[in-house]
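> 3D, please:
(chains A and B)
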Amino acid sequence: MLPDYALLFIVLAPGLAALIAGLFQKQITDRGAMVLTTGTVGLAGILSIIQLFAFAFGGHGGETHGEHGEAASHGLHHVITLLQWIDVGQFQADWAIRVDALSIVMMAVITGVSGLVHLYSWGYMDEDPHKARFFSYLSLFTFMMLMLVTADNFIQLFFGWEGVGLASYLLIGFWYHNKAPNDAAIKAFVTNRVGDFGLALGIMAVFVVFGSVEFEPVMTALKENATVTPLALAEAAPVRELVLPFLAWNIPALELIGVLLFIGAMGKSAQFFLHVWLPDAMEGPTPVSALIHAATMVTAGVYLVCLLSPLYEYAPWAAGMVTVIGAVTALYAATVGMAQNDIKRVIAYSTCSQLGYMFFAAGVGAYEAAMFHLFTHAFFKALLFLGAGSVIHGMHHEQDMRNMGGVARFMPFTYAAMMIGTIAIIGLGIPHTSIGFAGFFSKDAIIESAYSAGLLGVSFAQMAFWFGIIAALLTSFYSWRLIYMTFHGPRAEGHHHEDPADSHADDHLDPAHGHDHTPHESPVVMLIPLGLLSLGAIFAGLLFYGPMFHHGAAFWGDAIYRAADNDVIHNVEVLKEADPNPHWWVFWAPLAVTLTGFLIATFTYLFNRGFGRKIAESGGPLHSLFANKWYFDEIYNATFVRGTSWLGGFFWKTGDKKIIDGLGPDGITSLVRWGSRRLSAMHTGYLYHYAFVIIGAALLFGAVIFWRVGGAG
Amino acid sequence: MGNFPILTAVTFLPLAGAVLIMVVRAMTGSQESDVASGNKALVAGLIFSVATFLASLVMLASFNVGEPGYQLVEETSWFANVHYKLGIDGMSLLLILLTTLLTPLSLVASYGSVKERLTEYTIAFLVLETFMIGVFCALDLVLFYVFFEAGLIPMFIIIGVWGGADRIYASFKFFLYTLLGSLFMLAAVVFMYLQAGTSDIAELETFAFAPEVQTWLWLAFFASFAVKLPMWPVHTWLPDAHVQAPTAGSVILAGILLKMGGYGFLRFSLPMFPDASQMFQPMMFALSVIAIVYASLVAFRQTDMKKLIAYSSVAHMGFVTLGIFSFTEVGVQGAIFQMISHGLISGALFLIVGVVYDRMHTREIAAYGGLVHKMPVYATIFMLFSMANVGLPGTSGFVGEILTMTGGFQASTWAAAGAALGVIFSAVYMLTLYRRTVFGQITNPALESIKDVNIKELITLVPLIIGTILLGIAPNLIFNVTRESSLRALQMITGG
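Below you'll find the predicted structure:
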């Protein structure tokens, strides 16, 4: 672990850099802001990665473990308290930096990817007139995300949670003069707020049950099944047996909290029902998509569930919900990803789908697998996004894959990087060996864990396993489809700017800006991040399979908790080594479906180029369903959006104007006018009339009181 | 400090300024042009209100934070058994500071913005300030009532004289509603005096009214405070009053006058009528949640910037009543905090609307769009306060909302869930407003030459920016001061 001042630097310096770059952009100029933010975050990234390696492979790391990870775990848990934040009765929350295995991994992912994205943006945003603002937002995001993962209480977590939401909102809407980014930004913020509705209520429930919003006492009570005395609503009981009345229902407290907090996670991590904002978020600049909407922010929900493993271990229904939603998202997003034509949207749905894998892993109790996949996914997904960004940059802000093709020969480095990213995401590797790309280790770990959990009788685990297998097939298909449509085949010509709906992404460029439309390879500042992320996409799985998954118990220590009867991960090893092995096919199934997906894509998009377009044009119902994202936007617009708007108008025009004002002041006015016309002798001094009525009423009221109390007194 | 009557000084310093301006004006007559003498009066008024602010800092320094009960008490006999008695606790201290901060800022904001009858305008504000401070430090029920009612008059005049086109309708609506509430309260005040034989607030707190009496008295006070706050369904005067009031009037109205309702519930309803307060808890929760959800939805449909923010105020004051009537420390502390925080945020938002209104003379949202291209500093400040208004953590808006909801959760999960819905809707209307006014392309050619915020406007906004962020990061500055008042109010309701 790093000394305190280094930790302070990692977490706080990006925030300070963001502040300086944002507020003093005139004084320090664009270049100054770029150097400052990139330097700060880059240094934080180097420190965090050193810390991760030292932690994983250093003295107290994962080597000194027993065969099945039952060695004494190192309970690293270090908290630096910065400032007391809220102190009201038992509601205590500090500004703090919590360092444990979870936050060490997250810090490395966040600052590592963020540093590279900062660097990449030097090239990508080169022509943008608002560079200082952009880099300031990027660093602000990094700071908020770090605050989220280093919180030692639910309130600071919420601060980071909403803070990354703000940064995401600002960056999605970075090109704020256009309609689409503005719409997308608001959609993202509001959808996340729907999730936060659950998160906030969950935190309130935590406070009521545990009398605290700090992690330490809450986790301890959960692990020890301590008897807690809720502040209200219920009698004291062991926490796992406590039942809380919520709205019209009586719900076990842990299930209630688990479900509410997971609703928050669904919003942030774009899971089924609350996923609608993520594809639209692609309106933001591509480096943003790589950092926020792939590698880091969207994984916050997974992080939350893993952090609260002591809770989900004893909330089987909530965990079941996590599994189902995760599995459904994994499959759903993969189906939609197959039918998208915008290169970024394909990758966005892919992200959605991969997050689903992480969730169902956590749901079945394989938290280590979830975090491991979160870790490897950050590399190859950021790589894919930055690669796509490089293509978009090289293609002069073309995003429609139908207008691409044959780009490989113009952009060989980008092509290589995208190939590495694709092989990593489809999880190519040879079972029972250590040969494979990053996704092979982590995705297979998840699929095997789900299978193992299914055998152990964990609810919905079998369903998750099969959904995971099918989604793996689809993943391979859409990933190769992307490669073939973009990089292979003949150059598509003459598609530029024909369709205004497709070309909004390049509106931010000066229309007079002259380019010939030949693709070109991206500058070196953009290729360096691609190279480094490629290394991660190749080796991250191999290097960290041992510490993070195989011997995860020692690595994660107290940060991830498993109940005594949660044998899911250990059982994977048992299944793997059984002899004779009736489960052998489970370990080969991912490879089989991956190759199948590859073959189908190769057949339809490489050898029979145009076949895919034929399917699209034939417009079958299944294709329409996928291409239109299962009509979620249409359904939500027709119900929630229009319903809310109608209700607002109804309350305003009918509620306020007709009923309240009509019966209230306006009604009195007309009544008095009517009365005075009748009495006719009266003058029309309004105030006098009002006062007359009011004083009369008050006298009447006084009389009533005296009459009522006359009896009492 | 010895026996220097600091509270009297703070209370009446603005009134002294008003009198001085009147005297000078009477002596000089009409020798100078109206504009020049008006500007002089405004500067004089500013000097007095700044002096009041400084005096209130002396008051703060003399205040002993950890000490329960009322402090800096001053008392002399007035008439009958009624006393001129002033004193403060943590809650009133902070509300007075808010008043003495917002008044000079309002006067600064009026410079160059209000052009007619500036002398009278300044006088009205100074008189109003005295009454507002008086409300928060009066420890005698009759004295409180006098301040409470008197404050109505200058605000009525400010809206009626310096307001917009429909100012007459708005000011009468305002007057009608508040007077209606006040008269019920008057009846209750007289009755309490007759029954308890005293109008001393501290003594009334310990006087045990019979439960059925409490019910009626509680309702009478409720009529007044609910209108002031305002609570649904007696809130419709507020949007009209805000739309018609000049910018500074809106700042004071949203920043201070609304807080008198919350203050009243905590100072009178809870301690003096504890049984009735308990009894009416479900009703208060229902009204609070309706206010939050209903007003947020209505805000979304507004086409006038000020009306939108006015409805947003109604929603945010719903959190105050939710917190107060949760009868928990978290809820009550959160409610007081929310009042202070909303004073800063809504004040700032009305100033922000005022900035563009002064330039364009319209509050129609549709007349704007693309301001960010011409007014980057303005856009940044507007963004900050939009986020504060939607309760983003790190701003003061968050702390009040989460605590009042948490308090509400302990008493009723329905109330907490309803209020949390409002948190979603607040994001909808606020971000939509921001997007329609600030983002996008400039479509109105009149905006092409619009200027960014000037020094005068920065002077009014910067203190509120600092306050909003400081209280968002270190809210204990407030909680430490209000802890004793909150616990005292709670003790009376749960322990007595």
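> mind checking how far the nearest residue to residue B:374 once chain neighbours are set aside is from residue A:403?
Excluding the flanking residues, the one nearest residue B:374 by C-beta to C-beta, 6 or more residues apart in numbering or on different chains is residue B:450, at 4.9 Å. (C-beta placed from N, C-alpha, C; glycine too.) Note on residue B:450: its distance to residue A:403, by C-beta to C-beta, to the nearest Å, is 40 Å.
> do the same with residue A:371
Distance, residue A:371 to residue A:403, using C-beta to C-beta: 39 Å.
> Please identify which of the two sits among more neighbours.
A count of neighbours by other C-beta atoms under 10 Å in any protein chain shown puts residue A:371 above the other of residue A:371 and residue A:403, at 32 against 23.
> so how many other residues sit close to the residue nearest to that one when sequence neighbours are not counted?
Closest residue in space to residue A:371, ignoring its immediate chain neighbours: residue A:306 at 5.4 Å, by C-beta to C-beta, 6+ apart. Residues lying near residue A:306 (other C-beta under 10 Å) number 25.
> these two touch, right, residue A:306 and residue A:102?
Yes: using C-beta atoms under 8 Å, residue A:306 makes contact with residue A:102 at a distance of 6.6 Å.
> which neighbours do those two share?
Both residue A:306 and residue A:102 are in contact with A:371, A:560, where contact means C-beta atoms under 8 Å, 6 or more residues apart in numbering or on different chains.
> Identify the residue nearest the geometric centre of chain B.
Centrality entry for chain B: nearest residue to the mean C-alpha point is residue B:256, 2.1 Å, by C-alpha atoms, centre = their mean.
> any idea how far that one is from residue B:48?
From residue B:256 across to residue B:48, the span is 17 Å (C-beta to C-beta).
> and the residue nearest to residue B:374, what is it in contact with?
When contacts are counted by C-beta under 8 Å, 6+ apart, residue B:450 touches B:356, B:359, B:360, B:371, B:374, B:375.
> same question, residue B:214
Counted by C-beta under 8 Å, 6+ apart, residue B:214 has contacts B:272, B:273, B:274, B:275, B:276.
> Kindly export the helix or strand containing it (C-alpha atoms) in PDB.
In this assignment (DSSP states H and E), residue B:214 forms part of helix B:211-228. Output in PDB follows, covering the C-alpha atoms of helix B:211-228 (Å, rounded to 0.1, in the frame of the first residue of the first chain):
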ATOM      1  CA  PRO B 211     -55.500  18.500  23.800                       C
ATOM      2  CA  GLU B 212     -58.700  19.600  22.200                       C
ATOM      3  CA  VAL B 213     -57.700  23.200  22.600                       C
ATOM      4  CA  GLN B 214     -54.400  22.300  21.000                       C
ATOM      5  CA  THR B 215     -56.100  21.000  18.000                       C
ATOM      6  CA  TRP B 216     -57.800  24.300  17.300                       C
ATOM      7  CA  LEU B 217     -54.800  26.400  18.100                       C
ATOM      8  CA  TRP B 218     -52.600  24.200  16.000                       C
ATOM      9  CA  LEU B 219     -55.000  24.600  13.100                       C
ATOM     10  CA  ALA B 220     -55.100  28.400  13.500                       C
ATOM     11  CA  PHE B 221     -51.300  28.600  13.400                       C
ATOM     12  CA  PHE B 222     -51.200  26.100  10.600                       C
ATOM     13  CA  ALA B 223     -53.500  28.300   8.500                       C
ATOM     14  CA  SER B 224     -50.900  31.100   8.700                       C
ATOM     15  CA  PHE B 225     -47.700  29.000   8.400                       C
ATOM     16  CA  ALA B 226     -49.100  26.800   5.600                       C
ATOM     17  CA  VAL B 227     -49.800  29.900   3.500                       C
ATOM     18  CA  LYS B 228     -46.400  31.500   4.200                       C
END
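> so after it, what's the next helix or strand?
Downstream of helix B:211-228, the first helix or strand assigned by DSSP H and E is helix B:237-244.
> got the angle for that next one vs helix B:211-228?
Following axes from the mean of the first three to the mean of the last three C-alpha atoms, to 10 degrees, one obtains 20 degrees for the angle between helix B:237-244 and helix B:211-228.
> The next helix-or-strand element following helix B:237-244 - what's its average pLDDT?
Using DSSP H and E, the helix or strand that follows helix B:237-244 in sequence is helix B:247-252. In this model, helix B:247-252 has a mean pLDDT of 94.
> what comes up buried for the longest helix along chain B?
When chain B is parsed with DSSP state H, its longest helix is helix B:329-360. For helix B:329-360, the neighbour count (16 or more other C-beta atoms under 10 Å in any protein chain shown) marks B:329-358 as buried.
> Poorly predicted segments of the chain, please.
Let's take chain A. Low-confidence segments of chain A (pLDDT under 70): A:59-75, A:492-517, A:676-699, A:701-713.
> Can you look at chain B instead?
Within chain B, the segments meeting pLDDT under 70 span B:1-2, B:29-33, B:495-496.
> mind listing the strands for it?
Per DSSP state E, chain B carries strands over the ranges B:71-79, B:82-88.
> Go ahead and name everything in contact with stretch A:477-492.
A:334, A:337-338, A:343, A:346-347, A:349-350, A:391, A:401-408, A:411, A:415, A:418-419, A:422, A:425-426, A:597-598, A:600-602, A:604-606, A:609, A:612.
> got the buried residues for that stretch?
Applying 16+ other C-beta under 10 Å to stretch A:477-492 flags A:477-489, A:492 as buried.
> Let's see which of those residues end up in helices.
Among the buried residues of stretch A:477-492, the members falling in helices (DSSP H) are A:477, A:478, A:479, A:480, A:481, A:482, A:483, A:484, A:485, A:486, A:487.
> Cheers, nothing more for now.
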